[in-house]
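Visitor: Sequence first, predicted model second:
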Amino acid sequence: MSLEVMDGIRRSTLIIVGLTLLDKILALGKEVLFAYRFGVSSELDVFNVAYAFPAILAMLLGQAVVSALVPLSITWQGRGPLVLRRNLANLGWAVLLCLLALSLGCYVWSAPIMAVIG
C-alpha cells in the first residue's frame, strides 16, 4: 500500500475513534442529566426502557430484514424493474401497516400494559 493510502486510513480511523469518544462523553452527560432530573426512580426506569426499546427492536429486526431482503431483491430484479418496484412498494406498505397496527394496539392496551409494568 502506498503512503498516501495509509495516511488516509490513519486519518479516517482517528476521525471514527474521535467521534466515538465524543458519542460516549455525550451519552454520559445525558445519563447524568437524566439522573439529576428524575433521580433514582421508577420514572427513570420507564424512560430508559422507552428510550432504548426502539433501538433494541431495530437492532434485532435489522439483520433479519437485510438477510431476507437481499435474496428477494435479487430475485425480483431478475424478473424486471417493474416487478422489483412493485414488490418493494408492496413490502413497504405492509411494513407501514404492521407498524400502524402495533402502535394502535399499544395505544388501546396502554393502561393494562402499564398496570403490568408498574
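Guide: Nice, thanks for sending it over.
Visitor: any weak-confidence spans in the protein?
Guide: Applying pLDDT under 70 to the chain flags the ranges 1, 118.
Visitor: if you set the cut-off to 80 instead, what comes out?
Guide: Counting by pLDDT under 80, the chain has low-confidence residues at 1, 38-48, 57, 60-66, 117-118.
Visitor: What segments of it are helices?
Guide: Secondary structure of the chain (DSSP state H): helices located at 3-38, 42-78, 81-108, 110-117.
Visitor: can those helices go into TSV with extra columns for mean neighbour count?
Guide: Heads up, the C-betas are built off the backbone N, CA and C, glycines and all. As requested, those are arranged in TSV below (neighbours: other Cβ atoms under 10 Å):
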stretch	mean neighbour count
helix 3-38	10
helix 42-78	11
helix 81-108	11
helix 110-117	9
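Visitor: wait, isn't Cys106 in contact with Met114?
Guide: No. Shown here, Cys106 and Met114 do not form a contact pair, counting by Cβ atoms under 8 Å, at 10.4 Å.
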